[in-house]
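Peer 1: Please find the sequence and the predicted model below.
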Amino acid sequence: MSSSRRKFLRNSLLGSAGMIAGNSAVASLPGNEAVKSVPLVISTWDFGQVANLEAWKTLGMGGRALDAVEAGVKIPEADPTNHSVGYGGLPDRDGHVTLDACIMDEFYNCGSVMCLEHIMHPIAVARLVMEKTPHVVLSGEGALQFALANGFTKENLLTRESEMMWKEWLKTSKYNPEANIENRMYDKNKDTMPGGPSNHDTIGMVAMDAKGNFGGACTTSGLAYKMRGRVGDSPIIGAGLYIDNEVGGATSTGVGEEVIKIVGSHLIVELMRQGASPQQACMEAIHRIIKRNAARTKDIQVGFLALNKKGAYGAYALQKGFTYSVKSNTTEKIFKADAYY
């Protein structure tokens with residue numbers, strides 16, 4: 001390793017340490033000390049708790065982390081009340097529900113689908129891309145063709161609720177992603193959506209199984225009312241998700257364009273490799289985004305979540321409001337992540 005490279009890594013870690021020292025609350029944050037209990041699964045947001053419980057059915061029986069994360073994220077993918085993932089996801093500006101997902105195992109194998117329509121479980125298609133093709137990514141019509149050839153069936157993913165939210169948005173067609181999601185519920189009696197349209201979110205999940213092996217999955221319907229063909233960070237290996245079985249894993253949520261620009265999840269894993277805790281690494285990734293464009297970051301949300309080989313986990317976000325869920329033999333809880341703003 002060159003001296004300039006060592007200096008860069010040392011400065012990055014020292015910068016993280018400085019941020020930690022300046023925050024008196026960090027010492028009490030969950031995940032600064034390794035939990036001694038494995039298996040363990042973490043996921044983004046409150047709805048990750050239900051997904052974790054599904055993943056635990058595999059992990060608790062000694063199963064593989066890869067199988068657990070796939071099963072776990074299928075829960076929000078099939079939930080029509082979740083307007084940010086899978087079935088019931090909010091459409092693009094033309095009314096099309098397009099889904100993105102990726103998955104990665106302990107051997108650096110990975111698969112991804114982008115702009116996939118009509119398929120309930122894009123995460124399952126992403127896994128087949130990983131296992132049955134020489135490729136990492138399939139997109140659009142090609143991804144759909146591959147899914148249909150492998151036994152998936154076409155379905156209408158635009159629910160009545162999501163359609164009403166889209167039509168409400170069309171009244172102004174103003175594209176303005178919200179910092180945190182308010183999951184507004186459709187009133188079937190009045191056929192209305194209170195408070196206008198909400199925006200997007202993602203579920204990212206990282207698990208370590210009883211053998212100490214990692215797996216990760218990330219799936220989303222992307223930014224609501226996005227331009228046709230837009231792809232965020234969620235299906236991009238290294239941005240929305242990254243797994244390194246020697247180190248741990250990381251995932252992200254929020255405005256994916258900002259995550260892509262710093263290759264956020266890979267950055268966090270590499271910082272952990274150099275000695276940063278998951279909490280420190282997530283904080284450094286957020287600070288990288290802020291340093292690149294501070295003015296932009298005041299009105300958007302990005303959150304990172306990480307788990308290392310010792311079983312320590314941490315999270316950090318631009319804005320308050322980001323939550324994450326943890327499940328182990330000793331813990332089943334939703335935590336509020338600390339934030340820069």
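Peer 2: That came through, no problem. These numbers come from a predicted model, not from an experiment.
Peer 1: going forward, measure contacts and count neighbours with C-alpha atoms only.
Peer 2: Fine.
Peer 1: so what's residue 85 closest to, chain neighbours aside?
Peer 2: residue 220 (4.3 Å; C-alpha to C-alpha, 6 or more residues apart in numbering).
Peer 1: who's residue 139 bridged to?
Peer 2: Beta-bridge partners of residue 139, counted by DSSP bridges, are residue 114.
Peer 1: In contact with it, which residues?
Peer 2: Applying C-alpha atoms under 8 Å, 6 or more residues apart in numbering, one finds that residue 139 lies in contact with 113, 114, 115, 116.
Peer 1: any idea how far residue 252 is from the first one?
Peer 2: Put plainly, it is residue 113. 17 Å (C-alpha to C-alpha, to the nearest Å).
Peer 1: just the second one next, same as before
Peer 2: With distances taken as C-alpha to C-alpha, residue 114 is found 17 Å from residue 252.
Peer 1: Go ahead and confirm residue 141 touches residue 114.
Peer 2: No. With contact defined as C-alpha atoms under 8 Å, residue 141 does not reach residue 114; the gap is 9.7 Å.
Peer 1: So which of those two has more stuff around it?
Peer 2: Higher neighbour count among residue 141 and residue 114: residue 114, with 29 against 13, using other C-alpha atoms under 10 Å.
Peer 1: quick one: contacts for the nearest residue to residue 209 once chain neighbours are set aside?
Peer 2: The shortest distance from residue 209 to any non-neighbouring residue, by C-alpha to C-alpha, 6+ apart, is to residue 39 (4.4 Å). Residue 39 sits next to 59, 60, 207, 208, 209, 210, 211, 212, 328, 329 when contact means C-alpha under 8 Å, 6+ apart.
Peer 1: residues in contact with the last one?
Peer 2: The reference is to residue 329. So residue 329 contacts 37, 38, 39, 40 (C-alpha under 8 Å, 6+ apart).
Peer 1: Make JSON lines out of those residues and add pLDDT.
Peer 2: Listed next are those as JSON lines, based on pLDDT from 0 to 100:
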{"residue": "37", "pLDDT": "72"}
{"residue": "38", "pLDDT": "85"}
{"residue": "39", "pLDDT": "97"}
{"residue": "40", "pLDDT": "98"}
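Peer 1: of the residues you listed, buried ones?
Peer 2: 38, 39, 40 (16 or more other C-alpha atoms under 10 Å).
Peer 1: So which of the residues you listed belong to strands?
Peer 2: residue 40 (DSSP state E).
Peer 1: still on that earlier bit, I'd like to know which of the contacts of residue 39 are buried.
Peer 2: Buried, going by 16+ other C-alpha under 10 Å: 59, 60, 207, 208, 209, 210, 212, 328, out of those.
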